[in-house]
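Participant: Below are the sequence and a predicted model for it; my questions follow.
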Amino acid sequence: MLILLSLVLCAATSQAPQVVNADFETVDARSATPSGWLFTSLPGQSQLVSYQSLLEPEANGSRVLAIRIAADHPQQQVAYNAHQDLQGFEAGKTYRVSARVRTRSLQSLPMVVVQCLDQSTQKPLGFARSEQRELKQDLAEWETIQTVIQVPEGTATLRLRIGIPAEGNAGGTALIDDVQVAEVP
C-alpha cells in the first residue's frame, strides 16, 4: 500500500502544467470565443482581427480556434494571439508546448510562444517560440507546431500564447486545436 501511495504521489507531482480548454470545446456564450483564453487586439482597432470557436468537420466535428486577420489590415508588425497563464509548472523543469494548426491564405506559419515572467509579470526571464516558416500554400492537413522551454528560477508566471503575425497575413486565417504541454525528461 505504501508503494502504491508513493507512485501516486510521484505521478501527481510530475504532471505538466494544465491548459484550460486546450481543445477549444467550451465556448463563452456572450463572446462566442473559447472559454479560459484571453485574446489580443490593437487598442480601438478590434475590427482588424477576429477570434471564433468553429465547428470543424475535418476535425471530426469538434471545435477549433479560428484567428482571422482582416483583409484590409495595414502592413504593420503586430502579432495576434490567444493566451493564458499556466498553473502547475515547476522552475528548473523543461516543457514541450505544442498545438495542431491548419491555415487559409497565410504567408507565415502560426506560432506557439511561451514566456516566463517574474512576480511583477513585467520582467521576462525566459522565452521560447516555435519555428518561423514562410508558407507557399495553405496547410490543408493538420500540422503540429511546438517549442521547448526550460523554466528559469524566479518564474512566477508561465504565459502561453498561440497566434499569428499580422504582417503579410491580411485576409488569412489560422485554425488551432489540441494544445498540449508535456514535461521533457
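Facilitator: Sure thing, it's come through. Worth saying up front: this structure is predicted, and the values here are computed from it rather than measured.
Participant: Do a quick rundown of the strands in this structure.
Facilitator: With DSSP state E, the ranges of strands along the chain come out as 38-39, 49-56, 62-69, 79-86, 94-104, 111-117, 124-129, 143-150, 157-165, 173-184.
Participant: Name the residue closest to the centre of the chain, please.
Facilitator: Most central in the chain under CA atoms, centre = their mean is residue 162, positioned 2.9 Å from the mean C-alpha point.
Participant: thinking again about what came up before, residue 136: which of the strands of the chain is closest?
Facilitator: Set against residue 136 and scored by CB to CB, those come closest in strand 94-104, at 11.1 Å. (Each C-beta comes from the backbone N, C-alpha and C, glycine too.)
Participant: hmm, back to that, want to try CSV for the strands of the chain, with distance to residue 15 and mean pLDDT as columns?
Facilitator: Putting the strands of the chain into CSV (distance: least, CB to CB, whole Å; pLDDT from 0 to 100) gives the following:
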stretch, distance to residue 15, mean pLDDT
strand 38-39, 23, 97
strand 49-56, 26, 92
strand 62-69, 24, 96
strand 79-86, 12, 97
strand 94-104, 11, 97
strand 111-117, 17, 98
strand 124-129, 20, 97
strand 143-150, 17, 98
strand 157-165, 14, 97
strand 173-184, 8, 97
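Participant: Out of the ones you listed, which is closest to residue 20?
Facilitator: strand 79-86 (6.0 Å).
Participant: Can you tell me what sits against stretch 128-135?
Facilitator: With contact meaning CB atoms under 8 Å, 6 or more residues apart in numbering, stretch 128-135 is reached by 97, 103, 106-109, 111-114, 145-149.
Participant: and if we set it to 6 Å?
Facilitator: 106, 107, 108, 109, 111, 112, 113, 114, 145, 146, 147, 149 (CB atoms under 6 Å, 6 or more residues apart in numbering).
Participant: Any buried residues in that stretch, and which?
Facilitator: For stretch 128-135, the neighbour count (16 or more other CB atoms under 10 Å) marks 128, 130, 135 as buried.
Participant: for stretch 115-124, same thing?
Facilitator: 115, 116, 117.
Participant: The residue nearest to the last one when sequence neighbours are not counted: neighbouring residues, count only.
Facilitator: Counting by CB to CB, 6 or more residues apart in numbering, residue 157 is the residue found nearest to residue 117 once chain neighbours are left out, at 4.2 Å. The tally of other residues near residue 157 (other CB atoms under 10 Å) stands at 16.
Participant: isn't residue 157 right next to residue 118, touching?
Facilitator: No. Between residue 157 and residue 118 there is no contact under CB atoms under 6 Å: 7.8 Å.
Participant: Right, I'll call it a day here.
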